[in-house]
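A.B. asks: structure, please.
(chains A and B)
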Amino acid sequence: GAVVSQHPSWVICKSGTSVKIECRSLDFQATTMFWYRQFPKQSLMLMATSNEGSKATYEQGVEKDKFLINHASLTLSTLTVTSAHPEDSSFYICSATQPGNYEQYFGPGTRLTVT
Amino acid sequence: QKEVEQNSGPLSVPEGAIASLNCTYSDRGSQSFFWYRQYSGKSPELIMFIYSNGDKEDGRFTAQLNKASQYVSLLIRDSQPSDSATYLCAVLRGGSEKLVFGKGTKLTVNP
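C.D. replies: Down below sits the predicted model:
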């Protein structure tokens, strides 16, 4: 149980275009979803926290207008990277928690390459 | 001081040995501590978590927590080549649902 999926698993896009990444909890309703970014040989950095039906909370230094997060239902959150640039190339990972449980279940990640 | 610190390694041990991974944290209000394993190109997978001072054992893995020293460790007994990965220490901020990750320790188990 507690499976989280992400789609796509990898994507290549041109500079200036937008890319949407989906995160789904497959067998549970997720009260909270988290979005992380990981650069090569670096640790996971939390970008934002989202709860269903409310605006995402962004970490300091993360541009909310560039990284749009929509948590439309208890099983789906999306991250849209707008006007992507090569420096946005990274491994994006989402996670989700169940009600009353702090354990985060991680998705398999999405590798974004901006050319 | 970084919130969660780990030796980046690399740490190299022979197969069958005990691998010891260490982590310190700065927020005394932290209550929950997690160890994740991350293979190259993959997302983290939870190995175990610990809330209380002392040891917690799960198979070949033992987590140790000392809140007074703000220190948490992971021991891997009978290390296998398949244990070769980066091990991430994560701390749940006090009063928060957010995890703060260390940079990870890269472990290599040599056959």
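
A.B. asks: quick one: stretch A:32-42 near chain B?
C.D. replies: Yes: against chain B, stretch A:32-42 shows contacts by CB under 8 Å from any CB of the partner chain at A:T32, A:F34, A:Q42. The way it works is simple: take the backbone N, C-alpha and C, and place the C-beta from them, glycine included.

A.B. asks: for PyMOL, write the select line for the buried members of the residues you listed.
C.D. replies: Only the buried entries of the residues of stretch A:32-42 next to chain B go into this PyMOL selection, using 16 or more other CB atoms under 10 Å in any protein chain shown:
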select buried, chain A and resi 32+34
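
A.B. asks: which one of the residues of stretch A:32-42 next to chain B is nearest B:P111?
C.D. replies: Nearest to B:P111 out of the residues of stretch A:32-42 next to chain B is A:Q42 (CB to CB; 28.7 Å).

A.B. asks: and the closest one, that's in a helix?
C.D. replies: No: read with DSSP: H, G, I helix; E, B strand; the rest coil, A:Q42 is coil and lies in no helix.

A.B. asks: right, and B:Q80 touches B:V109 too?
C.D. replies: Yes: assessed by CB atoms under 8 Å, B:Q80 is found in contact with B:V109 at 6.1 Å.

A.B. asks: might you report the residue contacts of the residue nearest the centre of chain A?
C.D. replies: Centroid-nearest residue in chain A, with CA atoms, centre = their mean: A:W35, separated by 3.6 Å. Contact analysis of A:W35 by CB atoms under 8 Å, 6 or more residues apart in numbering or on different chains lists A:23, A:46-50, A:67, A:69, A:77, A:79, A:92-94.

A.B. asks: kindly recompute the last result at 7 Å.
C.D. replies: Applying CB atoms under 7 Å, 6 or more residues apart in numbering or on different chains, we find A:W35 in contact with A:M47, A:A48, A:I69, A:L79, A:Y92, A:C94.

A.B. asks: how about low-confidence regions in chain A?
C.D. replies: A:1 (pLDDT under 70).

A.B. asks: I meant chain B, not that one.
C.D. replies: B:1.

A.B. asks: what ranges do the strands span in it?
C.D. replies: Along chain B, the stretches classed as strands by DSSP state E are B:4-6, B:11-14, B:19-25, B:32-38, B:45-50, B:54-58, B:61-66, B:71-76, B:85-92, B:99-101, B:105-110.

A.B. asks: can you list the residues that contact the second one?
C.D. replies: So that's strand B:11-14. B:A19, B:S79, B:T105, B:K106, B:L107, B:T108, B:V109, B:N110.

A.B. asks: who in chain A is up against chain B?
C.D. replies: A:32, A:42-44, A:46, A:49, A:93, A:97, A:102-104, A:106-109 (CB under 7 Å from any CB of the partner chain).
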